[in-house]
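Engineer: mind folding the following:
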Amino acid sequence: MNKIYYLASCDTCRKIIKSLPKDHNLKFHDIKQDPITVEELEQMRVLSGSYEALFSKKAQLYKSMDLKNKSLTEDDYKKYILEHYTFLSRPVFIIDGKIFIGNTQQNMLQVMKALG
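Structural biologist: Here you go, the predicted model:
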C-alpha cells in the first residue's frame, strides 16, 4: 500500500499534498495525530538503509537539545524519532516498495514520477 507520512500542521507538507496528482491513491498518515509505530519505523529503515536517513536535523528540538554536538548512533536516531514526531524528516512517501524522504525538489520530482 502506498503511503505518505506527514504533519498536518506543516505548511510545506500541506503544499506538497495539494500538488499531488488527483488519482494518487495514497494512504495519509498524520504523524502527530497517529504516532508512527516501531514496525512502521523499522519498515522505513529497511527501505532507506538507516535511521539517520529518516532523521531531521532541521527540527527545532535538534537545535534546542544541542544534539548536533553529540555523537548520535543509529539507536539514538531511532529513539528520538519514536519519542517525538518532529524528528522524522517529512514527508516520507512509500510508493511501490520505494521510499522517498523529505521535501527537496529532486525528491518531489521522483515522487511525482512514481505516482505518475
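Engineer: show me where the chain has strands.
Structural biologist: 3-6, 27-30, 92-95, 98-101 (DSSP state E).
Engineer: what helices or strands is the last one leaning on?
Structural biologist: It stands for strand 98-101. helix 38-48, strand 92-95, helix 105-115 (3 or more Cβ pairs under 8 Å, 6 or more residues apart in numbering; DSSP states H and E). Just so you know, the C-beta spots here come from the backbone N, C-alpha and C atoms, and that holds for glycine as well.
Engineer: again, 10 Å this time
Structural biologist: strand 3-6, helix 38-48, strand 92-95, helix 105-115 (3 or more Cβ pairs under 10 Å, 6 or more residues apart in numbering; DSSP states H and E).
Engineer: what's the average pLDDT for the first one?
Structural biologist: So that's strand 3-6. Mean pLDDT, strand 3-6: 97.
Engineer: identify each buried residue in it, please.
Structural biologist: I4, Y5, Y6 (16 or more other Cβ atoms under 10 Å).
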